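A.B. asks: give me a model of this one.
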Amino acid sequence: MNKDLNKVNVLVVCPNPSIDIYAAIDGFNIGSTTRIKNESRYPGGKGVHVAMALSELDIHVTLVGFWGGVTGEWVKNEITKIYPDIKIDGVNIPGWTRSCYTFKSTNSDDDSELLGAGPEISPTDYNNFLGIVMDYLSNSSALVLSGSWPLGAPSNGYAQLIKLAKSYNVKSFLDCTGEQFNNALKEEPFLIHLNRHEVMVTTGITDFDRARKRISKMVNNCVITNGDKGVYYNTKETEVHSVYRIKDVVSTIGSGDCLLAGIVAGHLKDLPIQEIANLGAACGAANCMRKELGMLHKSDLQMLLSQDLE
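C.D. replies: All right, here's what the predicted structure looks like:
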């Protein structure tokens with residue numbers, strides 16, 4: 001059955017949004033001045049990327065986050081400029097929404113990241129946030145929980161949201177790490193997404209294949225990305241793999257978030273598991289084709305999906 005995505009609404013929770021700054025440098029000089037040659041700014045945070053990708057796929061999205069000061073307003077305004085159909089809600093808090101830097105060096109093929117901590121929230125802020133999420137759950141087809149939490153948040157924030165989602169019979173899609181992930185796993189989210197490094201850190205197993213199989217036993221649906229080697233979608237009964245290769249990678253920032261958006265969309269359409277993995281992999285690859293961080297273009301996605309898989 002292929003559902004009409006115009007009839008669904010996805011609730012995306014992004015507790016710690018950011019301004020993503022992409023900066024070009026010649027190289028870091030420890031202990032001395034490093035001059036940025038040029039820089040670009042984009043609305044960021046894992047959940048923000050997921051929300052924008054879902055909107056690009058013509059899915060109705062409600063995005064809920066903590067928004068701090070003038071930088072928080074900037075992030076919301078930039079999202080609305082690009083995707084005016086995304087409904088944005090959440091809690092306005094003191095302090096400024098964080099900035100996260102990606103440094104592209106001419107001396108290295110690898111990007112370097114500096115991730116801001118963001119402002120601190122109070123127990124009242126958190127309780128207000130829970131109330132807002134509850135208000136939207138009754139009219140949601142899926143709940144996406146993505147990224148870190150700001151300072152002051154309880155370590156079981158996502159666990160509480162997963163429990164709430166179950167009370168509304170809403171499937172939860174989880175993408176986080178650390179203590180939030182460990183606590184959330186106890187509430188049995190519908191699906192988890194991790195990358196290669198996160199899987200090995202979480203399991204303590206250095207062999208990727210063994211680590212992947214270990215973590216796939218923890219939940220019913222497990223999506224694991226392995227860079228340009230593609231995505232593995234594991235259930236307790238089966239495993240599928242998908243990869244789309246592109247020649248010129250502009251930036252990989254946000255590819256995992258766009259991939260998760262494709263996975264969510266595939267489930268909303270009730271696609272077979274292999275087609276869900278294919279849609280996710282194509283969304284992740286499409287993100288790499290342009291300079292905008294954590295975004296994809298439908299035309300790029302359609303071009304990739306028209307190609308034969310390896």
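
A.B. asks: number of nearby residues for the closest residue to residue 155 other than its chain neighbours?
C.D. replies: If you skip the residues right next to it in sequence, residue 155 has residue 179 as its closest partner in space, 4.5 Å away by Cβ to Cβ, 6 or more residues apart in numbering. Using the backbone N, CA and C atoms, a C-beta is placed for each residue, glycine as well. Residues contacting residue 179 under the criterion other Cβ atoms under 10 Å number 14.

A.B. asks: from residue 154, how far off is residue 179?
C.D. replies: Using Cβ to Cβ, to the nearest Å, we find residue 179 at a distance of 10 Å from residue 154.

A.B. asks: again, but for residue 68
C.D. replies: If you go by Cβ to Cβ, the gap between residue 68 and residue 154 works out to 19 Å.

A.B. asks: which residue lies farthest from the center of the protein?
C.D. replies: Distance from the C-alpha centroid of the chain peaks at residue 32, with 34.7 Å (Cα atoms, centre = their mean).

A.B. asks: circling back to that earlier point, and the residue nearest to residue 155, which of the three is it?
C.D. replies: Three-state assignment for residue 179 (DSSP: H, G, I helix; E, B strand; the rest coil): helix.

A.B. asks: tell me which helix or strand residue 90 sits in.
C.D. replies: Residue 90 belongs to strand 87-93 when elements are defined using DSSP states H and E.

A.B. asks: sheet-wise, list the partners of that strand with their directions.
C.D. replies: For strand 87-93, the paired strands and their directions (DSSP bridges) are strand 60-68 (parallel).

A.B. asks: what about the partner strand, average pLDDT?
C.D. replies: What strand 60-68 shows for mean pLDDT is 98.

A.B. asks: also stretch 196-216?
C.D. replies: When pLDDT is averaged along stretch 196-216, the result is 92.

A.B. asks: show me where the protein has helices.
C.D. replies: Listed in chain order, the helices of the chain (DSSP state H) span 46-56, 69-82, 123-137, 157-167, 178-185, 196-203, 208-216, 255-268, 273-287, 298-305.

A.B. asks: by contact count, what packs against the fourth one?
C.D. replies: Put plainly, it is helix 157-167. Identification of packing neighbours for helix 157-167 by 3 or more Cβ pairs under 8 Å, 6 or more residues apart in numbering; DSSP states H and E yields helix 123-137, strand 142-146, strand 171-175, helix 178-185.

A.B. asks: quick one: contacts for the closest residue to residue 296 other than its chain neighbours?
C.D. replies: Nearest-residue entry for residue 296: residue 286, 4.0 Å, with adjacent residues in sequence omitted and distances by Cβ to Cβ, 6+ apart. The neighbourhood of residue 286, defined by Cβ atoms under 8 Å, 6 or more residues apart in numbering, consists of 258, 296-297, 300-301, 304.

A.B. asks: count the residues that sit near the residue nearest to residue 92 when sequence neighbours are not counted.
C.D. replies: Nearest-residue entry for residue 92: residue 67, 5.3 Å, with adjacent residues in sequence omitted and distances by Cβ to Cβ, 6+ apart. Using other Cβ under 10 Å, residue 67 has 22 neighbouring residues.

A.B. asks: what about residue 67, distance to residue 93?
C.D. replies: Note on residue 67: its distance to residue 93, by Cβ to Cβ, is 7 Å.

A.B. asks: now swap in residue 9 and tell me
C.D. replies: Taking Cβ to Cβ as the criterion, residue 9 is separated from residue 93 by 25 Å.

A.B. asks: who has more neighbours, those two?
C.D. replies: When residue 9 is set against residue 93 and neighbours are counted by other Cβ under 10 Å, the residue ahead is residue 93, at 24 against 17.

A.B. asks: doesn't residue 121 make contact with that one?
C.D. replies: Yes - with the criterion set as Cβ atoms under 8 Å, residue 93 and residue 121 qualify as a contacting pair; they are 5.7 Å apart.
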